[in-house]
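Student: please find the sequence and the predicted model below.
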Amino acid sequence: MPFRELRAGRAWSGLGDTIRENAHAAFATALRWIKAFDFPRVQGPGLSASEPRMSRRLVSTLAEPCDARVAVGQAKRKAASRTLGDVPFLRELLDAARALPPIRMAVVHPCDATSLSGAVEARNAGLIEPVLVGPAARIRAVAVEAGLALDAFEIVDVGHSHAAAEAAVALARTGKVAALMKGALHTDEIMQAAVRKEAGLRTERRMSHVYALDVPHHSKPLFITDAAVNIAPSLGDKRDIVQNAIALCHALGVPQPKVAILSAVETVDPRIVSTVDAAALCKMAERGQITGGLVDGPLAIDNAVSGPAAAAKHIVSRVAGDADVLVAPDLVSGNMLAKQLVHLAGAQAAGLVLGATVPIVVTSRSDGAPSRVASCAMARLLAHHRRIRPGTVRHYADGA
């Protein structure tokens, strides 16, 4: 609507109630934002002669997106209120995992309500038999404050988070637990204990993290790697990162995952290292150094997930526009991509570290209990897959 009509008060009768309310709200918001500016004074709908005048650009910038802001807010609230049962992919994970017996899982330093309630909910869902590893008094205090009953839980009492990580890794190394879950501690604390050659959980592959995300309005789940472990992976590291992600997809019932190696462009540019790495990974897949999936790259994110975007750039590929796995160039880009989908698009996420002798549930500390429960379901399915396919991952020899 032209600004002069708004200012003169014409054409208001033709507006619907929603638009009228949003326009008034936009004017009120604009006034709060620009009171400090010295604009000429003028009267308008809802404005007195003493209020600042808004330019045409400012009014259109503030008034037009108002409906969008309301819609986005409603969508975010709806996404935040979704339970695992509302999310098809995560519901399928839960249903498949519940058909299997629970696994013993060491929960490392569950000293806040979110991590402790995640362990309790996963146990109540029949996914895990948790072993809580951390300061016992502090864990029980958190349970009392959160209203959680721990009578049936095994607790391994250690003094602090570093000791909890060491103790949990020792439990996994000796076969007393089949998986680990990160609690209220930094990812690097648990990973430092897990990657030690002499007393850790290393295998022939480098460890890497995979996020499994159910993104609203996207046709299928997305697996993003590596968003948590490898800061600046080398080409050899990326080979293991890709293979780990393919192995997880196999465990979750995706027989031949489509793997997109991401970069900023879809052509090889020697000035952009990630495009050269992508081309090399594709050749490694052709030569059998990466198996079990279709690998293509470099692909920009739009070409990887959008068929129309790939077609517009004339990309002929079995992966482009239909990727299952998105391999980020580095941790920063992978972490940003995953968290943008969670916090801006309302995606529900689950996360695992692979390449260790046992699955390690690693979610963001801001992720709620549903994310941790879904991650436990993935860990359960992966552990079962390894048991029926022995030799999938081999241990390093001690001291290797």
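Tutor: Done, it's in.
Student: my guess is residue 243 contacts residue 204. True?
Tutor: No. With contacts counted by Cβ atoms under 8 Å, residue 243 stays clear of residue 204, the gap being 10.3 Å. In short, each C-beta sits where N, CA and C put it, glycine included.
Student: who has more neighbours out of these two?
Tutor: The neighbour count for residue 243 versus residue 204, taken as other Cβ atoms under 10 Å, is higher for residue 243 (24 against 12).
Student: please save the CA atoms from the helix or strand containing the more buried one in PDB.
Tutor: Secondary structure from DSSP states H and E places residue 243 in helix 235-251. As requested, the backbone C-alpha atoms of helix 235-251 are provided in PDB (Å, rounded to 0.1, in the frame of the first residue of the first chain):
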ATOM      1  CA  LEU A 235      41.700 -35.300   3.300                       C
ATOM      2  CA  GLY A 236      42.500 -38.600   5.100                       C
ATOM      3  CA  ASP A 237      40.300 -37.500   8.000                       C
ATOM      4  CA  LYS A 238      37.500 -36.600   5.600                       C
ATOM      5  CA  ARG A 239      37.700 -40.100   4.200                       C
ATOM      6  CA  ASP A 240      37.000 -41.500   7.600                       C
ATOM      7  CA  ILE A 241      34.300 -38.900   8.300                       C
ATOM      8  CA  VAL A 242      32.400 -40.000   5.100                       C
ATOM      9  CA  GLN A 243      32.800 -43.700   5.900                       C
ATOM     10  CA  ASN A 244      31.500 -43.200   9.500                       C
ATOM     11  CA  ALA A 245      28.500 -41.400   8.200                       C
ATOM     12  CA  ILE A 246      27.800 -44.100   5.600                       C
ATOM     13  CA  ALA A 247      28.000 -46.700   8.400                       C
ATOM     14  CA  LEU A 248      25.500 -44.900  10.500                       C
ATOM     15  CA  CYS A 249      23.100 -44.700   7.600                       C
ATOM     16  CA  HIS A 250      23.400 -48.400   7.000                       C
ATOM     17  CA  ALA A 251      22.600 -49.000  10.700                       C
END
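Student: and residue 200, how many neighbours?
Tutor: Once other Cβ under 10 Å is used to define contacts, residue 200 is seen to have 21 neighbours.
Student: state the phi and psi torsions of it.
Tutor: phi -100, psi -150 (degrees, to the nearest 10).
Student: likewise residue 348?
Tutor: For residue 348, the backbone dihedrals (degrees, to the nearest 10) come out as phi -100, psi 130.
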